[in-house]
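A.B. asks: Based on what follows, work out the 3D shape:
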Amino acid sequence: MTSALPCTVPIALGERSYPIHIGFGLMEQAEVWGDLPRAAAAVLVTNTTVAPLYAQRLQRVLLTYYRHVHIVVLPDGEAFKTWNSLNLIFDALLEQACDRQTVLFALGGGVVGDMTGFAAACYMRGVPFVQVPTTLLAQVDSSVGGKTGINHPLGKNMVGAFHQPALVVCDLATLASLPAREVSAGLAEIIKYGPIADMEFMGWLELNIPQLVDLEPQALSHAVRRSCEIKAWVVGQDERESGLRAILNFGHTFGHAIEAGLGYGQWLHGEAVGCGMVMAARLSQDLGLVDGAFVQRLRTLIERAGLPVVGPVLDENDNAGRYLQLMRQDKKSQAGAIRFVVIDGVGCAALREAPDALVRRVVDACCQ
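C.D. replies: Residues are numbered from 1 along each chain as shown. Sure, this is the predicted structure:
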């Protein structure tokens, strides 16, 4: 039996270490905010969907700690993860004469978190920020680890910086407002942790996926905590993705191609990652690293989470060629060679190159 009691997962990065608080109703619990950076002002960045739900609640809490708490509301959606939206944050910071001690708060999903973190990394060459993720995907992945950035028309997250938050507060109560599609998208980033690091966790997910789809509190608390523990362990060893941290991108090379090829926002990030994991598992099989039974097992779990398992056709004339073109623009490519995160024996992952002909066969098989 898992517990829904609040917990804290530490992320160990020396002087950049910080806690990840996980639990229900944390947003208004004073003890959670005890380690906030001190400043005269804070800027709360959110979006048009989240602002009416939680912005004023969090603003009231933060006014206990800061004389001024300004709110910036961005348009909602992956399509707005751009320079124009980023500049809305900079405009507010400059208009309010914010100084180098100003603290930014990211209240929302991965798009808000990535852009707020990037703004914090850039403004006056770096100010502190706090992640308050309100989507399942952000709580188990994007809010943890310090990756920030925006999209470019030619590639996802291609412009950004590493900038660690001072604190992450995962209030699981905020997930009750998520549409079912957003819950499924978050489950993709939870599922990935099993094949790459913890097959016992994958077995637990197979037993509990219906409860997670329904946001059952105990199952949800355990899944978020275990996901954060695994990510904290990986990031603690490889903060800037020089090696081990790349395994967290399982399914993302194919997934990012899907997002860019369809147009940002057509598929949610987690939907693209879920389908991308099916494709990456099939590639692992064709490289002789896992058997077909494992691929089918993972595919079934992803499908049970409500995620797509068949890839979209991005080009009617040369679909596989279009996937290859987009994947060569991925951050993990080197000298034009695509490096894929593959399952190198169940519960382990590795970066591997693969011949174009093999990748073409995988794309054709997974998109029919």
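A.B. asks: Give me the neighbour count for residue 199.
C.D. replies: 15 (other Cβ atoms under 10 Å). Backbone N, C-alpha and C define where each C-beta goes, glycine included.
A.B. asks: State the distance from the residue nearest the centre of the chain to residue 160.
C.D. replies: In the chain, the residue lying closest to the centroid (Cα atoms, centre = their mean) is residue 142, at 3.0 Å. Distance from residue 142 to residue 160, counting by Cβ to Cβ, to the nearest Å: 12 Å.
A.B. asks: Show me the strands in this protein, by range?
C.D. replies: Under the criterion DSSP state E, the chain contains strands at 7-11, 18-23, 41-47, 68-74, 103-108, 129-133, 147-152, 155-162, 167-171, 339-343, 349-353.
A.B. asks: Now these in a markdown table, please, with extra columns for mean pLDDT, distance to residue 283 and mean neighbour count.
C.D. replies: Output for these, formatted as a markdown table (pLDDT from 0 to 100; distance: least, Cβ to Cβ, whole Å; neighbours: other Cβ atoms under 10 Å):
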| stretch | mean pLDDT | distance to residue 283 | mean neighbour count |
| --- | --- | --- | --- |
| strand 7-11 | 95 | 31 | 17 |
| strand 18-23 | 96 | 32 | 22 |
| strand 41-47 | 98 | 35 | 25 |
| strand 68-74 | 98 | 36 | 19 |
| strand 103-108 | 98 | 33 | 28 |
| strand 129-133 | 98 | 30 | 29 |
| strand 147-152 | 95 | 24 | 22 |
| strand 155-162 | 92 | 19 | 18 |
| strand 167-171 | 97 | 32 | 25 |
| strand 339-343 | 96 | 6 | 25 |
| strand 349-353 | 94 | 8 | 17 |
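A.B. asks: Could you export those to TSV, including columns for distance to residue 209?
C.D. replies: Shown next, in TSV, are the strands of the chain (distance: least, Cβ to Cβ, whole Å):
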stretch	distance to residue 209
strand 7-11	22
strand 18-23	20
strand 41-47	28
strand 68-74	32
strand 103-108	26
strand 129-133	21
strand 147-152	27
strand 155-162	27
strand 167-171	20
strand 339-343	19
strand 349-353	21
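A.B. asks: follow-up on the earlier one: quick check: neighbours shared by residue 142 and residue 160?
C.D. replies: residue 114 (Cβ atoms under 8 Å, 6 or more residues apart in numbering).
A.B. asks: where does the stretch 251-368 of the chain have low pLDDT?
C.D. replies: By pLDDT under 70, the low-scoring segments of the stretch 251-368 of the chain are 331-335.
A.B. asks: List the contacts of residue 228.
C.D. replies: Neighbours of residue 228 in contact, by Cβ under 8 Å, 6+ apart: 9, 20, 22, 139, 140, 144, 170.
A.B. asks: quick one: which of the residues you listed is nearest residue 231?
C.D. replies: residue 144 (5.1 Å; Cβ to Cβ).
A.B. asks: which residue sits closest to that closest one, ignoring its sequence neighbours?
C.D. replies: Leaving aside its chain neighbours, residue 144 sits nearest to residue 231 (5.1 Å; criterion: Cβ to Cβ, 6 or more residues apart in numbering).
A.B. asks: Figure out how far the longest helix belonging to the chain is from the centre of its chain.
C.D. replies: The residue-count maximum for a helix in the chain (DSSP state H) belongs to helix 217-237. Taking the mean of its C-alpha atoms, helix 217-237 sits 13 Å from the chain's own mean (Cα atoms, centre = their mean, to the nearest Å).
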